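Undergrad: fold the stuff below for me.
(chains A, B, C and D)
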Number of protein chains: 2
Amino acid sequence: MSRRDYLGEFEHIIVLALLRLEDRAYGVTVRQEIELRTQREVSIGAVYATLDRLETKGYVTSHRGEPTPERGGRSKRFFRVTAKGAAAVNRTHHALQRMTEGLGFTWSHA
Amino acid sequence: MSRRDYLGEFEHIIVLALLRLEDRAYGVTVRQEIELRTQREVSIGAVYATLDRLETKGYVTSHRGEPTPERGGRSKRFFRVTAKGAAAVNRTHHALQRMTEGLGFTWSHA
DNA sequence: CATTATCTATACAATATAGAATAAATATGC
DNA sequence: GCATATTTATTCTATATTGTATAGATAATG
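TA: Numbering: from 1, shown residues only, chains lettered A, B, ... in the order given. Coordinates of the predicted model:
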């Protein structure tokens, strides 16, 4: 395990989106899912750049989808999280959890 | 609120360490706390660079401490989280929480 | 002034961001 | 059935911000 096996903040969010979307995860739905759940605006370029980086690192894989019977549009590139990616999100999640647990800090519902 | 008001992954960890340490938070103890709780090795330079950046952004403040009766050593620079910093950690925490909640993923105890 | 603890400066690598350009598929008018 | 418009999606390019390591400066004590 290399020195840097934690997900960056946005990488973390993206991987969580993939886990949520299961077999419906591609660039556009990933962006939607994040914007929907976090109210955060996300540029599509940021999504793809991060997905590419995650794929290079072996945290996700992608494959082309077949054309769908909808109005047109380029074929989709679907993503899913690998075992290595699941391990990374686990590590990141736990590090944060250990730093948070027992903390006398009241989280507001902003 | 600017477009980027989320803490980076390491920034997030550092702010949590400050909240834990309360009035005992300075470079060395911050590093210790993180290494202790997460098993992650942290270089002291990384800690200071991040603290400086957080201070520039108004998420933390720092002040010099008095010399202690121990064997020597330079005077400490103590840090604490500002209201703005608390808001940022809240936002970051909630975004992650919303992306995580209801997720059918079993976190392992790695 | 030697020893110890801490901080500062600097350089470099990795991650995050935006927006424009390109590609692939279907629909439609002729 | 061909040309072209429309829709959906991805890729490319450029830049800013964050994360990391190392080396060395500074301050206090005895």
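Undergrad: what residues of stretch A:76-84 count as buried?
TA: A:76, A:78-79, A:81 (16 or more other CB atoms under 10 Å in any protein chain shown). Heads up, the C-betas are built off the backbone N, CA and C, glycines and all.
Undergrad: ok, now stretch A:44-54?
TA: Buried-residue list, stretch A:44-54, by 16+ other CB under 10 Å: A:47, A:50-51, A:54.
Undergrad: neighbouring contacts of the helix or strand where A:Thr50 lies?
TA: Using DSSP states H and E, the element containing A:Thr50 is helix A:44-56. Residues from elsewhere that reach helix A:44-56 (CB atoms under 8 Å, 6 or more residues apart in numbering or on different chains): A:10-11, A:14-15, A:27-28, A:30-31, A:34, A:60-62, A:79, A:85.
Undergrad: by neighbour count, which of those wins?
TA: Tallying neighbours with other CB atoms under 10 Å in any protein chain shown puts A:Ile14 at the head of the contacts of helix A:44-56, with 30 neighbours.
Undergrad: please name the nearest non-neighbouring residue to that one.
TA: Among residues not flanking A:Ile14 along the chain, A:Thr50 sits closest, at 5.1 Å (CB to CB, 6 or more residues apart in numbering or on different chains).
Undergrad: could you do A:Gly58 as well?
TA: According to CB to CB, 6+ apart, the nearest residue to A:Gly58 is A:Lys84 (5.0 Å).
Undergrad: just how off-centre is stretch A:63-77 within its chain?
TA: 21 Å (CA atoms, centre = their mean, to the nearest Å).
Undergrad: other residues contacting that stretch?
TA: So stretch A:63-77 is in contact with A:26-28, A:62, A:78, going by CB under 8 Å, 6+ apart.
Undergrad: and the two most separated of these?
TA: A:Val28 and A:Ser62 (13.7 Å; CB to CB).
Undergrad: quick check: the residue nearest to the spatial centre of chain A vs A:Ala88, distance?
TA: Centroid-nearest residue in chain A, with CA atoms, centre = their mean: A:Ile14, separated by 1.7 Å. Look at A:Ile14 and A:Ala88: by CB to CB, to the nearest Å, they are 12 Å apart.
Undergrad: close to DNA strand C: what parts of chain A are there?
TA: Contact residues, chain A versus DNA strand C (CB under 7 Å from any atom of the strand): A:4, A:8-11, A:41-46, A:48-50, A:53, A:57, A:67, A:69, A:71-75.
Undergrad: all strands for chain A, in order.
TA: A:60-64, A:77-81 (DSSP state E).
Undergrad: quick one: is the last one near DNA strand D?
TA: Yes: Strand A:77-81 lies within reach of DNA strand D by CB under 7 Å from any atom of the strand, at A:Arg77.
Undergrad: quick check: the residue of chain A nearest DNA strand C.
TA: As assessed by CB to the nearest atom of the strand, DNA strand C sits closest to A:Gly45 within chain A, at 1.9 Å.
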